[in-house]
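> any chance you could fold what I've pasted below:
(one chain, ligands or ions: 1)
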Amino acid sequence: MTKTAFISGVTAGIGEAAARRFAGDGWQVIGTGRRTERLAALKAELGEALRTIALDMRDIEAVQAVAAEVGAVDLLVNNAGLPPPLAALQEAEWAPLEQVIETNITGLVALTRGLLPGLIERRGGIINLSSVAATYPYRGGAVYGASKAFVRQFSLDLRCDLQGLGVRVTSIEPGMVETEFTLVRNGWDQAASDALYADMDPMTAEDIAETIFWVATQPPHVNINALELMPVNQSFAGFHVARPDRAGA
Ligand code: 8X3
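Below is the predicted model of the structure:
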């Protein structure tokens with residue numbers, strides 16, 4: 001029987017690549033996004049394999065209505081999410097922070113909760129897109145990193161709620177992937193994005209889509225709890241030490 005994957009945020013990057021990957025393997029894909037012209041372009045490419053739904057994850061009533069209307073699916077990929085501008089909290093504007101919290105956390109919980117009855121009925125799977133930022137802090141990443149730490153912990157706790165029901169839950173935690181992520185973070189500054197990914201061979205949206213597909217197609221008795229990935233050329237920052245008394249010395 002044809003399996004159905006519900007993927008949020010298919011208008012770019014990892015979500016778009018995942019829609020292609022699952023559709024290419026014969027799955028029926030239901031894909032959401034805010035940008036209708038991009039939804040239409042992907043629909044034109046994937047045809048019958050893709051059903052598109054225009055949806056802003058911040059509109060909780062719409063999220064709940066979509067979940068109720070869609071009914072049972074075999075897989076939910078909670079991909080929709082974004083970072084705010086990379087600014088220390090004391091320098092950050094409120095609106096983008098609120099947008100990130102509403103999208104990455106509130107919308108994700110509402111969509112998951114809405115689709116859970118059907119996922120339980122199908123003994124399906126949930127794959128949540130977290131980030132290495134959930135574990136490793138960096139300046140300017142407080143709200144983004146915390147939102148992704150929420151996604152990781154939500155995934156692990158959800159496994160307890162679903163104990164014995166046959167539903168799998170996974171947190172996927174990528175490092176640098178060249179998508180629109182850095183454009184969004186830098187106010188669509190293409191040069192800044194190009195500079196960040198230059199000469200370091202970042203992961204691609206297709207790399208992560210392949211990982212999502214692999215997780216989803218493990219035997220039903222295997223649950224990948226969490227999976228952290230980085231490009232080889234990305235590793236970890238050290239600790240920072242402030243010595244205010246020596247400023248300018
Ligand atoms: C973002 C990952 O490494 O670009 O999810 O901060 S990284």
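
> got the buried residues for the helix or strand bottoming out on mean pLDDT in the chain?
Within the chain, no helix or strand scores below helix 181-185, which has a mean of 90 by mean pLDDT, DSSP states H and E. For helix 181-185, a neighbour-count test (16 or more other CB atoms under 10 Å) marks 181-182, 184-185 as buried. Using the backbone N, CA and C atoms, a C-beta is placed for each residue, glycine as well.

> from those residues, which is closest to residue 98?
Using CB to CB, residue 184 is the member of those that sits closest to residue 98, with 15.2 Å.

> quick check: closest non-adjacent residue to the closest one.
residue 82 (5.3 Å; CB to CB, 6 or more residues apart in numbering).

> near the one you found, how many other residues are there?
Using other CB atoms under 10 Å, residue 82 has 17 neighbouring residues.

> same deal with the one 10 residues further on?
Counted with other CB under 10 Å, the burial measure for residue 92 works out to 16 neighbours.

> same question, residue 226
Residue 226 - counted by other CB under 10 Å - has 16 other residues nearby.

> so what does it look like in phi/psi?
Residue 226 adopts backbone torsions of phi -150, psi 150, taken as degrees, to the nearest 10.

> tell me the secondary structure at the residue nearest to it when sequence neighbours are not counted.
Leaving out its chain neighbours, the residue that sits closest to residue 226 by CB to CB, 6+ apart is residue 171, at 4.4 Å. With DSSP: H, G, I helix; E, B strand; the rest coil as the basis, residue 171 sits in strand.

> and for residue 177, the neighbour number?
There are 22 residues near residue 177, going by other CB under 10 Å.

> got the contact list for it?
13-14, 202-205, 207-208 (CB atoms under 8 Å, 6 or more residues apart in numbering).

> picking that back up, give me the beta-bridge partners of the residue nearest to residue 226?
residue 128, residue 226 (DSSP bridges).

> any idea how many residues pack against it?
So residue 171, with other CB under 10 Å, has 26 neighbours.

> for residue 120, give me its contacts.
Counting by CB under 8 Å, 6+ apart, residue 120 has contacts 162, 165-167.

> sec struct for the residue nearest to residue 184, please.
Per three-state DSSP, residue 82 ends up coil.
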